[in-house]
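Peer 1: Below are the sequence and a predicted model for it; my questions follow.
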Amino acid sequence: MWLAVADAHTDATRHMERLHAVKDADDYCQTLAAYFGWQDSAETLLLRFDWSPTQWDPRTLTRLDGLHQDLLDLGVSSAQQAALPRCRLPEINTLAEAVGLAMVLLGSTLGAQKMHRWVRDRLPEAPVRFFATPVRTSWRDFGAMTERALPTAQQRAAAASAAARTMHAFVSWAETWASGNVQSPIREEVKQVA
């Protein structure tokens with residue numbers, strides 16, 4: 001069941017290199033805009049669910065505030081951020097499926113740590129709150145929550161399927177941005193930070 005998640009993760013990692021091919025401040029701003037479209041969609045969906053039966057707070061995975069501030073620092077206004085296109089996520093209708101989405105969000109923080117170091121080395125003046133913001137949950141706490149939230153094999157399968165579908169949606173989103181097939185309203189209005 002979790003094999004589909006592992007396969008999707010491998011695919012996501014391979015395709016992320018294109019999105020992370022940041023050469024300068026403009027590329028970095030566009031990368032953050034792509035992440036904004038993904039992160040806003042994912043966090044909004046995650047917070048729609050009632051997590052009280054799990055005794056876990058999904059807000060421990062939110063990092064959108066740091067991303068919003070990074071974009072402001074790069075000259076992208078709140079209004080421009082609101083106009084950015086959003087990633088279309090798969091249907092997530094149950095708490096078990098929302099656990100799969102949460103797993104992807106938590107896992108993405110590992111990639112964020114790598115990206116933080118990469119940006120710091122190449123664009124030392126660039127804002128990196130989004131990539132540097134630690135989540136306020138651990139894998140151990142998350143694992144304990146999944147034990148409570150996914151007591152049946154059917155629920156675990158639903159979570160794994162949702163995680164794989166979410167990663168595939170992210171890969172598609174990243175590829176679309178990297179190929180230039182998303183019109184970004186901010187491309188010409190970026191401040192130079194490097």
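Peer 2: Everything's here; your move.

Peer 1: residues contacting Thr146?
Peer 2: Contacts for Thr146 were tallied using CB atoms under 8 Å, 6 or more residues apart in numbering; they are 99, 103, 159. (Each C-beta comes from the backbone N, C-alpha and C, glycine too.)

Peer 1: Name the residue most distant from the centre of the protein?
Peer 2: The outermost residue of the chain, judged by C-alpha distance from the chain's mean C-alpha position using CA atoms, centre = their mean, is Thr152 at 27.3 Å.

Peer 1: quick one, phi/psi of it?
Peer 2: Per-residue torsions, Thr152: phi -110, psi 160 (degrees, to the nearest 10).

Peer 1: Tell me how far the residue nearest the centre of the chain lies from Leu89.
Peer 2: The centroid of the chain falls nearest to Gln39 when counting by CA atoms, centre = their mean (4.4 Å). Taking CB to CB, to the nearest Å as the measure, Gln39 falls 11 Å from Leu89.

Peer 1: What helices and strands are in contact with the helix of greatest length in the chain?
Peer 2: Here the longest helix in the chain is taken by residue count, with DSSP state H as the criterion, and it is helix 95-122. Here helix 95-122 is seen to pack against helix 3-19, helix 25-46, helix 129-132, helix 139-149, helix 153-178 when contacts are counted using 3 or more CB pairs under 8 Å, 6 or more residues apart in numbering; DSSP states H and E.

Peer 1: Nearest approach to Gln69 belongs to which of the ones you listed?
Peer 2: When the helices and strands packed on helix 95-122 are compared by CB to CB, helix 129-132 sits nearest Gln69, at 5.4 Å.
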